[in-house]
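Peer 1: Show me the folded form of this:
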Amino acid sequence: MTDFTISPAFDALLKALYHGPLEEQPWQAFLRLLRDALQADFATLLLRPPKEGDSGIVLNASVISPEVYAAYNENYFELDAFVNLPPGKVVTLHEFMGAVALEDSEYFIQYMQPIGVYYILGVDLTDASGMNVRLRITRGKAQGDFSAEEKRICELIVPHLLQSIALNSQLQHAETQRAVFETAIDQMAMGSIILDEKGEVLKLNQAATEVLSDKRNISISNKQLLLTQTQQHKAFKATLQEVLSAYSKNEPGFVKAFKVQCQEGGSIGLLLRPMPHSISSEGNQKPAVAVFISDPEKRRSAPIDILSQLFDFTPAESRLALLLANGLTLDEAAEELTVSRNTLKSHLSAIYAKTGVTRQGKLVQLILKSVAPMG
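Peer 2: This next block holds a predicted model:
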């Protein structure tokens, strides 16, 4: 029968390796365990090796000082001779270039010797996507070179390290996309609030934070969305329960709208919809409901230069177009810009000529539907 036994030490190393992408400083626990397992002084993962104009991403389990760390990233990487190793093959520095060549090298004299490094064990990981990751474990001269058994330990780690790096890459891509979309929603002044299965707030974006801070009749208290007026709050809770029920039935297409009357007049619109079920196991705090919140009184913004580039407006025309897009009349815009109404009428004629529209309503639609607010 096949033996699947894994030693407790190797099991701890693998757990730390796969947990690495979730750490604030990735793979720190893994690098410390690997350093200790190989009785080394340093364990370093060059996730993106430094190059000219790019300090790269270099993760260390031990750093003598920030100056030493920066010295390699900014200067000595160019002298490093222990590079371009056979892909996936674990080798020692002395196997790769020999003791004589090493001790004659500028890299050894200027960088390794001053920090007490003499022996290095390394592996380069590459793939078709262009990934180039280096793992380096270092020792001083008194500790002796790495043994065949220590090389074998490193070889056992290599396929798992590749898998962990691939998982980290996917997580980073997903996070980048999420950040882009979240920024886009913020720019559109659309607030988003994520609630869990208990109706408690898990996350909200900047636009939602701004709306809630401006309005006294809707807020977050004890992780719950709270409406100041009792009857409105009861009605909102009933609506939320409907959406939570739709979530439990896995009905992501279910949507409910809710209008919050403001004490100072006007209203704020809420849109509630269930989150789609995921296959992940997230305990009791699973995202269950998305609440979108919009304040119609909040002005939409767009950089003046973006409007100028999109529509060939002058700066003055861009400022007027943006005010009109936010619902101001020509007289109100004249008062805000402290210019005469006739001056703005002249700007508006130029705007109509450049955009091809002939009515203010069409101009508002053109501006708000363009990419300008995303700028």
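Peer 1: where along the stretch 151-300 of the chain do the helices fall?
Peer 2: For the stretch 151-300 of the chain, the helices defined by DSSP state H, counting those that start in this stretch occupy 206-214, 230-248.
Peer 1: Now render those as CSV, adding mean neighbour count, distance to residue 144 and mean pLDDT.
Peer 2: Just so you know, the C-beta spots here come from the backbone N, C-alpha and C atoms, and that holds for glycine as well. Below are the helices of the stretch 151-300 of the chain laid out as CSV (neighbours: other Cβ atoms under 10 Å; distance: least, Cβ to Cβ, whole Å; pLDDT from 0 to 100):
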stretch, mean neighbour count, distance to residue 144, mean pLDDT
helix 206-214, 17, 56, 80
helix 230-248, 15, 61, 89
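Peer 1: Please convert those to JSON lines, extending it with distance to residue 173.
Peer 2: Compiled in JSON lines, these are given as follows (distance: least, Cβ to Cβ, whole Å):
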{"stretch": "helix 206-214", "distance to residue 173": "22"}
{"stretch": "helix 230-248", "distance to residue 173": "27"}
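Peer 1: Can you check which of those gets nearest to residue 335?
Peer 2: Of all the helices of the stretch 151-300 of the chain, it is helix 206-214 that lies closest to residue 335, at 22.8 Å by Cβ to Cβ.
Peer 1: Report all helices and strands that that closest one contacts.
Peer 2: In terms of contacts (3 or more Cβ pairs under 8 Å, 6 or more residues apart in numbering; DSSP states H and E), helix 206-214 is packed against helix 148-187, strand 191-195, strand 218-221, strand 289-294.
Peer 1: one more time with 10 Å
Peer 2: Packing partners of helix 206-214 (3 or more Cβ pairs under 10 Å, 6 or more residues apart in numbering; DSSP states H and E): helix 148-187, strand 191-195, strand 201-204, strand 218-221, strand 267-274, strand 289-294.
Peer 1: export the ones you listed to CSV and tack on mean neighbour count?
Peer 2: As requested, the helices and strands packed on helix 206-214 are exported to CSV (neighbours: other Cβ atoms under 10 Å):
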stretch, mean neighbour count
helix 148-187, 14
strand 191-195, 21
strand 201-204, 16
strand 218-221, 14
strand 267-274, 19
strand 289-294, 20
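Peer 1: can those go into CSV with extra columns for mean pLDDT and distance to residue 106?
Peer 2: Output for the helices and strands packed on helix 206-214, formatted as CSV (pLDDT from 0 to 100; distance: least, Cβ to Cβ, whole Å):
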stretch, mean pLDDT, distance to residue 106
helix 148-187, 84, 27
strand 191-195, 87, 54
strand 201-204, 88, 51
strand 218-221, 84, 59
strand 267-274, 86, 62
strand 289-294, 86, 58
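Peer 1: wait, which of those is closest to residue 60?
Peer 2: Smallest distance to residue 60 across the helices and strands packed on helix 206-214 (Cβ to Cβ): 15.8 Å, for helix 148-187.
Peer 1: picking up where we left off before, for the helices and strands packed on helix 206-214, which one sits closest to residue 261?
Peer 2: strand 267-274 (5.3 Å).
Peer 1: what angle separates the closest one from helix 230-248?
Peer 2: For strand 267-274 against helix 230-248, the angle by axes from the mean of the first three to the mean of the last three Cα atoms, to 10 degrees is 20 degrees.
Peer 1: With just CA atoms, put strand 267-274 into CSV.
Peer 2: What follows is strand 267-274, C-alpha atoms only, in CSV (Å, rounded to 0.1, in the frame of the first residue of the first chain):
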residue,chain,number,x,y,z
SER,A,267,-35.3,61.2,-0.8
ILE,A,268,-32.5,58.7,-1.2
GLY,A,269,-33.0,55.6,-3.3
LEU,A,270,-31.9,52.1,-2.2
LEU,A,271,-31.7,49.0,-4.4
LEU,A,272,-31.3,45.7,-2.6
ARG,A,273,-30.5,42.4,-4.4
PRO,A,274,-29.2,39.0,-3.2
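Peer 1: give me every residue that touches the nearest residue to residue 118 once chain neighbours are set aside.
Peer 2: Among residues not flanking residue 118 along the chain, residue 141 sits closest, at 3.8 Å (Cβ to Cβ, 6 or more residues apart in numbering). With contact set as Cβ atoms under 10 Å, 6 or more residues apart in numbering, residue 141 has these partners: 113, 116, 117, 118, 119.
Peer 1: Could you tell me the per-residue confidence at residue 141?
Peer 2: What the model reports as pLDDT for residue 141 is 92.
Peer 1: where's it relative to residue 104, distance?
Peer 2: 16 Å (Cβ to Cβ, to the nearest Å).
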